[in-house]
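Enquirer: Any chance you can model this:
(2 chains)
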Amino acid sequence: MQLPLLASTFVTVFLAELGDKTQLAIVTISGTSSRSGAVFAGSAAALVLASLLGAGAGGSLASVIPPDALQLAASVGFLVIGGRLLLLAGRNQDAEESAEQNAEQNGDV
Amino acid sequence: MSELPPPAPEPANGQPPADDRASTEAPAPSPQTTAGATDRAGSFGAVFLTTFTTVFLAELGDKTQLAALLLSAESGRPVIVFIGASLALISSSLVGVVLGRWLSRVLPPQQLERLAGILMIGLGLWLGRQAAMTMLPLA
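Expert: Alright, predicted model coming up:
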C-alpha cells in the first residue's frame, strides 16, 4: 500500500516547511511583487529540484557541496533582496513626498 | 489575475465618499507611481529567476533533513517519498504566495517593502552567522 507512505511524507514535509525561512522568503517576495504566478512557479520549481537533488544524491550531496557554503550564498542573496527592498521603499517614499509637494503647490496656484 | 485593485481614494476634504464614483474613482496616476509599479512588477522571467535562485539556495543548504528522510525510506519506495515531499513543498510555497498576496492587500506597499526588507536582512544575517559559526568554529 503506497498511500500511507505518500500521506505521511506529505504531512511531515509540509509541517516541517511551514514557517521555515524558505516560506518566509516566499511570503516576502510574493508580497512585494505583483507577479504571484512567477513567484509560485519559481519557488515550486526550486523546491522540487532541490528535493530531487536531495533524493538523487542522498547523503553524498553534502560531501560534494558543503552546506555551509550554500547557506552563506543564500544569506548573501537574502541580504541583497532585503537591501533592494529597503531602497525601493525609500525611493517610493521620496516619490510620494515629491508628489505631495507637487499637489500642494498645484493647490496653492 | 495578478493585478491589484487600485487603492480607494481618500476623501481629501473629509466629506463622506459621494456616490458618483465614476468621477472620484481612478485618479490619474502620477508618473512616479506608474514607474514604481512597473519597477515592482518586473518581468515574469526576472521574478521567476529571483525566486528560483533564492529559494533553491536557501533550501539546498537545508536539504540534509529531507535527504535523511528520503534515505530512511530508500529501503521502501523513494519515488513515493519524493512525490509526497514535492507535493508538500509545492503546497507550502502556495501557502506562502497566498499569504504574501494577502499581506500586500492589507498593508500599504511601502510599509510592506520596508518590513520585508528588514525581515530579509535579518534572515540573511542569521543564516550567514550560522554558516560562519560552523565554518569557523571559535575555540
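
Enquirer: what's the domain layout of chain B?
Expert: For chain B, the structural domains run B:41-106, B:108-139, going by automatic domain parsing.

Enquirer: mind listing what's buried in the last one?
Expert: Burial within domain B:108-139, assessed by neighbour count using 16 or more other CB atoms under 10 Å in any protein chain shown, is assigned to B:109-110, B:112-117, B:119-121, B:123-124, B:127-128, B:131. Placement of C-beta: from N, CA and C, glycine included.

Enquirer: just to revisit the earlier point, make a markdown table from the domains of chain B and add distance to A:L87 to it.
Expert: What follows is the domains of chain B, written out as a markdown table (distance: least, CB to CB, whole Å):
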| stretch | distance to A:L87 |
| --- | --- |
| domain B:41-106 | 15 |
| domain B:108-139 | 8 |
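
Enquirer: Now the weakest link among those domains, please, by mean pLDDT.
Expert: Lowest mean pLDDT within the domains of chain B: domain B:41-106, at a mean of 79.

Enquirer: anything in stretch A:23-42 near chain B?
Expert: Yes - judged by CB under 8 Å from any CB of the partner chain, stretch A:23-42 comes into contact with chain B through A:23-42.

Enquirer: Enumerate the positions of that stretch that are buried.
Expert: By neighbour count, and taking 16+ other CB under 10 Å as the criterion, the buried residues in stretch A:23-42 are A:23-36, A:38-42.

Enquirer: Restricted to helices, list those residues.
Expert: A:23-32, A:36, A:38-42 (DSSP state H).

Enquirer: Export the domains of chain B to TSV and append columns for distance to chain A.
Expert: Formatted as TSV, the domains of chain B follow (distance: least, CB to the nearest CB, whole Å):
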stretch	distance to chain A
domain B:41-106	3
domain B:108-139	3
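
Enquirer: For A:I81, which of those is the nearest?
Expert: Closest to A:I81 of those, according to CB to CB: domain B:108-139, at 5.0 Å.

Enquirer: tell me the contacts of B:R114?
Expert: Contacts here follow CB atoms under 8 Å, 6 or more residues apart in numbering or on different chains; on that basis B:R114 touches A:L85, A:L86, A:A89.

Enquirer: What residues does the second one make contact with?
Expert: Residues near A:L86 by CB under 8 Å, 6+ apart: B:E113, B:R114, B:G117, B:I118, B:I121.

Enquirer: and with 10 Å instead?
Expert: Each residue near A:L86 by CB atoms under 10 Å, 6 or more residues apart in numbering or on different chains is listed here: B:E113, B:R114, B:L115, B:A116, B:G117, B:I118, B:M120, B:I121.

Enquirer: For A:G19, grab phi and psi.
Expert: phi 80, psi 10 (degrees, to the nearest 10).

Enquirer: dump the residue contacts of it.
Expert: Remark: with contacts taken as CB under 10 Å, 6+ apart, A:G19 is in contact with A:V27, B:S92, B:V95, B:G96.

Enquirer: Check which helix or strand A:L86 maps to.
Expert: Take DSSP states H and E as the rule and A:L86 turns out to sit in helix A:67-108.

Enquirer: Figure out how far that helix is from the centre of its chain.
Expert: When C-alpha coordinates are averaged (CA atoms, centre = their mean, to the nearest Å), helix A:67-108 and its chain have centres 17 Å apart.

Enquirer: what packs against the lengthiest helix in chain B?
Expert: Among the elements of type helix in chain B, defined by DSSP H, the one spanning the most residues is helix B:78-106. Using 3 or more CB pairs under 10 Å, 6 or more residues apart in numbering or on different chains; DSSP states H and E as the contact test, the elements touching helix B:78-106 are helix A:3-17, helix A:21-32, helix A:36-57, helix B:44-60, helix B:64-72, helix B:109-135.
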